[in-house]
Every structure is written in C-alpha cells, then in structure tokens.
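Novice: Have a look at this prediction, sequence included:
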Amino acid sequence: MQFIETLSIRTKPRSMLDISSTAQERLTAFGAGDGLLTAFIRHTSASLTIQENADPDVQADLLDAMDRLAPAGPFYRHSVEGPDDMPAHIKTVLMQTSLAIPVLHGRLMLGTWQGLYVVEHRGRPHTREVLLHFSGTRAPQPGKPYLPSRD
Amino acid sequence: MQFIETLSIRTKPRSMLDISSTAQERLTAFGAGDGLLTAFIRHTSASLTIQENADPDVQADLLDAMDRLAPAGPFYRHSVEGPDDMPAHIKTVLMQTSLAIPVLHGRLMLGTWQGLYVVEHRGRPHTREVLLHFSGTRAPQPGKPYLPSRD
Amino acid sequence: MQFIETLSIRTKPRSMLDISSTAQERLTAFGAGDGLLTAFIRHTSASLTIQENADPDVQADLLDAMDRLAPAGPFYRHSVEGPDDMPAHIKTVLMQTSLAIPVLHGRLMLGTWQGLYVVEHRGRPHTREVLLHFSGTRAPQPGKPYLPSRD
C-alpha cells in the first residue's frame, strides 16, 4: 500500500522546525506497517534535514554555519527578492530536498538523537509544502503503531 | 508496478541542465500513476539537484558559489585528471547523487519553481548516465498523464 | 517484496569506509531482483556518501575539504562533547543521511567508480547503525545475483 499526503508547514524566519512527530502521526493515521517514508519539500529556498533534536544550540550553530557557507552580499547576479534570496538557493543545494526514512512496525526508524526538520532559509515566515510518500505494508491494527508479536 | 530506465545526458562544461521534462516524458510513456520517482546519477564528478527553473542567473550564481566552496588549487593530493578533478568530487559530496520525487496522477510533484537538474562539475563536456526508478501504480490510461475523476 | 535490515558498522576516527560490498551481499542473501535500495544512517555525527572508490587520496582530500567547510573552533555554542562535536553536525547537514540506489538483476547499479561510504566525522571510533531498505521483485534464483536471460 502507499499514500501521498501534503503537509502545510508555517515557518518562522531563518529557523528549523522539527516535524518528526507530525510525520509519525500521519504514518499512524494511515495504518502504515513496514516500509519507507519519503519526505519532499516543494521549494528552492527551504530545505529538509535530519539533525540532533536535543540541544537547541545545535540549531543555532547550524544556521550560523550555513550563513558562513552561503553569505549574503553584493556579489550575486540574482537578487530580485532581496539579500537573503540567493543565499537561500545555495543553502537549498547544500541541504536536502528529499529524504527517505525506513519505517518498521509503524514507527519511523530515526535514531535516538535524530529529528526530521524543515529549514526556513528566508528572512520572513512562509507556508511551505512538504509531501510525504509512504510505500510498504499495512499495520495489522490500523490507527496505531504496533509491536511485533515476537522481537 | 515499477520501471528502471537509463538516461544518457550530454552535458556542457561546468553547467546545469534541466531534465524535468525528460523525466516527465518517461513517466508518461511508462503509464505511471501514483508513486515515487528516484533519480540516480552514476558518477562522482557530476550531481543531481533540484533548483529554481525561472531565472538563469540563479544557475550562474550557484556554479560560482560551488567554486568558492570547492576551489581549484595546488592543495589536493588527487590531481591526476587536472585542477577541476578534486573540486568536482567535493561538489559531488555537497550536492546530490540520488533524489526522490513523489508522482501523483502521473505527474512529477515538483513545486512551481522547481526543476530537476544534472550538474556537470568538470571543465569538459561529458555523457552522463542517470537512472530513473519508478515504483507505484499504473495510470488508468497508459500513455498520458491524467486527471483524477474527482479532486 | 521488501526487507529492512540493520548493519552495525565499526568506524575508525575521521574516516571513510566503503560498505558497497556489504550492501551487495545483503541484496544477494535476500534474493533481491529489480528494485531500489535505500540506505539510512541513524546518527547526526556520521554520514553516507557516494564517492570515488579507486584512489584513496580522494578520501583524504575529501576529509580535508570537509574540515575547511566545517572547521573546529571556539565559535560554537554547542561544544559539550568536544571541539569535533559541532563540526560533525555541520558535516552531517552537508553530506547525506539517506541515499537510494537502483538495483537491477540483483545488482546495485553503482557506476564503475562509485562506492557507498560511511563517513565518520568524530575523532574517536564509533559503532554506527545503517539501515538498508529494499523494495522490488524477487530474484528468480534467490541466493545469488543473476543475469537476465536476454541482455
């Protein structure tokens, strides 16, 4: 079985938002069993990434690091939307537009410290569309994650 | 149903080529319905990326930005194929070798401003192999994209 | 058919390890035919990448390049685990956490010069979990890769 669903995500300026629990909720609601979840963001100035979900300082340091790698400045041809426009495109190239996460017994198999994040590169809030695609088996009891009978 | 197909892409030196319409044509020809398209490039000196498809200045700025992040220079051990050899490998690490895009009603679900690009990092033209893998349902009328009866 | 399996990978400090043959062995053991293999690493201070598998100098140059892009230094908020902690997170954002490779006739369709690598960003050895997910057809003779009858 498979499903495709669109999440509409409201972002804050230059920020990271953990959408792991939202993705897990959709898997559970659709009765996903074992398979693969693919997330895809339909934009070129916002990204997906998997990062540490414990210390918020990591997110602040990551956003700073991306600014150093893709600084704002007068050296871009494309600047029609402002100084954060072209840096946002560069950050999009360096981070991810699609990501796949295995699903086992209805559960996203993220590591203990991993979260799935939407990264807003622009200096203003946006509404971002993230597609979720799941392909795999159906859970024996749709509506909730489950433990296998033996494991 | 699934299909795997090889695209043979002729690139220009240090350039980006939009292959979105080629990928869409293959989906349509194979009668793809709903599912997931995965693109994979079989090289370590060329990449895939999803980027803005409107203003060509974005592509020029992106290529310049990649040159700043992975400059040519005398500080590489590996230089047998020339000064653009090792920078091409670094750019390959920073960009994508595989990318997945959901497909709905036979259509690649790229955002309005998104294009799927092959990025040639080397200073000479090459023929690059890109594999397309689709897994999903079959369209009710193979041979063309379709609109669902209700949506 | 599909399978999900966990590889436990012992890494050396700041290193790249080619796991292509391990992944191929698992495909063969499970009797994979045609489909897609997705690899996913369950960590935020180690990555996956596809890179050249011929000249070891490429790997040394790549690790140096990543150090230049994400240098150790006193300018990070998050430093609880040492000076290689935050650089490891930044490298994880720049490289891949998930990668997908088409499989044809039981064979990973890597290019001639491509290898699938685990990249250890930290300065100490670790045991890293890599999930392999395969979805596709079953080989006509499970237990070994096969050549199609006509090709």
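Specialist: Okay, I see it.
Novice: And the contacts of the helix or strand hosting A:Thr28?
Specialist: When elements are defined using DSSP states H and E, A:Thr28 is found to belong to helix A:20-29. With Cβ atoms under 8 Å, 6 or more residues apart in numbering or on different chains as the contact definition, helix A:20-29 has outside contacts at A:5, A:7, A:37, A:39, A:53, A:101, A:103, A:106-108, A:110, A:114-116, A:132, A:134, A:143-145. All C-beta spots, glycine's among them, are computed from the backbone N, C-alpha and C.
Novice: Buried subset of those as a ChimeraX selection?
Specialist: To isolate the buried subset of the contacts of helix A:20-29 in ChimeraX, counting by 16 or more other Cβ atoms under 10 Å in any protein chain shown, use the following:
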select /A:7,37,39,53,101,103,106,107,108,110,114,115,116,132,134,145
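Novice: Filter the contacts of helix A:20-29 down to the ones in strands?
Specialist: For the contacts of helix A:20-29, the ones inside strands are A:5, A:7, A:37, A:39, A:101, A:103, A:107-108, A:114-116, A:132, A:134, with DSSP state E as the criterion.
Novice: Which pair in the residues you listed has the greatest spatial separation?
Specialist: Using Cβ to Cβ, the ones in strands among the contacts of helix A:20-29 span at most 21.3 Å, a distance reached by A:Glu5 and A:Gln114.
Novice: how many other residues sit next to the residue of chain A found nearest chain C?
Specialist: Scanning chain A for proximity to chain C using Cβ to the nearest Cβ identifies A:Gly111 as nearest, at 3.2 Å. Residue neighbour count, defined by other Cβ atoms under 10 Å in any protein chain shown, stands at 18 for A:Gly111.
Novice: got a pLDDT number for the nearest residue to it once chain neighbours are set aside?
Specialist: With Cβ to Cβ, 6 or more residues apart in numbering or on different chains as the measure, C:Arg42 is the residue that lies nearest to A:Gly111, at 3.2 Å, once sequence neighbours are left out. With respect to pLDDT, C:Arg42 has a value of 98.
Novice: Same question for A:Thr137.
Specialist: A:Thr137 is assigned a pLDDT of 97 by the prediction.
Novice: And A:Leu147, by the same measure?
Specialist: At A:Leu147, the pLDDT value in this model is 55.
Novice: Kindly report the same for A:Val80.
Specialist: 89.
Novice: residues touching it, list them.
Specialist: Taking Cβ under 8 Å, 6+ apart, we find A:Val80 in contact with B:Asp55.
Novice: ok, now A:Leu104?
Specialist: For A:Leu104, the residues meeting the contact criterion (Cβ under 8 Å, 6+ apart) are A:34, C:4.
Novice: Also A:Ala72?
Specialist: Listed by Cβ under 8 Å, 6+ apart, the contact set of A:Ala72 reads A:83-84, A:87.
Novice: do you know how far whichever residue of chain A sits closest to chain B is from A:Ser98?
Specialist: Checking chain A residue by residue against chain B with Cβ to the nearest Cβ singles out A:Arg42 as nearest, at 3.2 Å. As for A:Arg42, its distance to A:Ser98 is 10 Å (criterion: Cβ to Cβ, to the nearest Å).
Novice: ok, now A:Pro87?
Specialist: Distance from A:Pro87 to A:Ser98, by Cβ to Cβ: 21 Å.
Novice: Output stretch A:87-107 as PDB, restricted to C-alpha atoms.
Specialist: C-alpha atoms of stretch A:87-107 as PDB (Å, rounded to 0.1, in the frame of the first residue of the first chain):
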ATOM      1  CA  PRO A  87      21.900  32.600  -0.200                       C
ATOM      2  CA  ALA A  88      18.700  30.600   0.300                       C
ATOM      3  CA  HIS A  89      19.100  28.900  -3.100                       C
ATOM      4  CA  ILE A  90      22.700  28.000  -2.200                       C
ATOM      5  CA  LYS A  91      21.700  26.600   1.200                       C
ATOM      6  CA  THR A  92      19.000  24.500  -0.600                       C
ATOM      7  CA  VAL A  93      21.600  23.000  -2.900                       C
ATOM      8  CA  LEU A  94      23.800  22.100   0.200                       C
ATOM      9  CA  MET A  95      21.000  20.600   2.300                       C
ATOM     10  CA  GLN A  96      18.200  18.200   1.300                       C
ATOM     11  CA  THR A  97      15.100  18.500  -0.800                       C
ATOM     12  CA  SER A  98      14.100  14.800  -0.400                       C
ATOM     13  CA  LEU A  99      14.900  12.400   2.400                       C
ATOM     14  CA  ALA A 100      13.900   8.800   3.000                       C
ATOM     15  CA  ILE A 101      13.400   7.100   6.400                       C
ATOM     16  CA  PRO A 102      12.700   3.400   6.900                       C
ATOM     17  CA  VAL A 103       9.500   2.500   8.800                       C
ATOM     18  CA  LEU A 104       9.300  -0.600  11.000                       C
ATOM     19  CA  HIS A 105       6.200  -1.800  12.800                       C
ATOM     20  CA  GLY A 106       4.600   1.600  12.100                       C
ATOM     21  CA  ARG A 107       7.500   3.500  13.600                       C
END
